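Asker: Provide a 3D model corresponding to the input given below.
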Amino acid sequence: MANTAASIDPESKAGLAKPKYDMVIQNALTDTAKYKNELMNAYNYMASYYLRIKKDNDQTKSYAQKIINLDPSNKDYLLKGYSFLSAIYISTKEYNKVKQVYFKLLEIDPNNAEY
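Answerer: Residues are numbered from 1 along each chain as shown. Predicted coordinates for the structure are as follows:
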């Protein structure tokens, strides 16, 4: 239901998917190992929602950290979480922190020319 709501409102302007992803998170926290992919999907949506729609850096940072901590051995999760952090620091013009995050991203994925 959350993914369907996100598809109906792809720019999240109406926020249709947010309450659905809140439910996914609430239910998936009962067994984070079993529902790791569902949590990643929900955390990713929430971080994006708070970054782009609500412009709430604290909430975005919170979800970015949840993505990073969800599975610290998963390279894709780490890259996604740190990318959200870099977006926050770019928007707040904290360029020293941006630099630190990009070094972390390069550490995780040294062949990525974008970083």
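
Asker: Provide the backbone phi and psi angles at residue 94.
Answerer: Main-chain torsions, residue 94, degrees, to the nearest 10: phi -90, psi 70.

Asker: how far away is it from residue 7?
Answerer: Distance of residue 94 to residue 7, computed by Cβ to Cβ, to the nearest Å: 34 Å. The C-beta positions use only the backbone N, C-alpha and C, and glycine is treated the same way.

Asker: ok, the two, which is more surrounded?
Answerer: residue 94 (14 against 10; other Cβ atoms under 10 Å).

Asker: ok, the more buried one - contacts?
Answerer: By Cβ atoms under 8 Å, 6 or more residues apart in numbering, no residues touch residue 94.

Asker: Nearest residue to the middle of the chain?
Answerer: residue 44 (3.6 Å; Cα atoms, centre = their mean).

Asker: ok, that residue to residue 67 distance?
Answerer: Distance from residue 44 to residue 67, by Cβ to Cβ: 7 Å.

Asker: Could you do residue 39 as well?
Answerer: Using Cβ to Cβ, residue 39 is found at 9 Å from residue 67.

Asker: remind me, longest helix of this structure?
Answerer: Ranked by residue count under DSSP state H, the longest helix found in the chain is helix 75-91.

Asker: Stretch 79-99 - what's its average pLDDT?
Answerer: For stretch 79-99, mean pLDDT is 97.

Asker: May I see the buried residues of that stretch?
Answerer: Using 16 or more other Cβ atoms under 10 Å as the test for burial, stretch 79-99 gives 79, 80, 81, 82, 83, 84, 85, 86, 87, 88, 89, 98.

Asker: of those, closest to residue 56?
Answerer: Taking Cβ to Cβ as the measure, residue 56 lies nearest residue 88 of the buried residues of stretch 79-99, at 9.9 Å.

Asker: Pull up the overlap in contacts between residue 44 and residue 67.
Answerer: Taking Cβ under 8 Å, 6+ apart as the contact rule, the neighbours common to residue 44 and residue 67 are residue 80.
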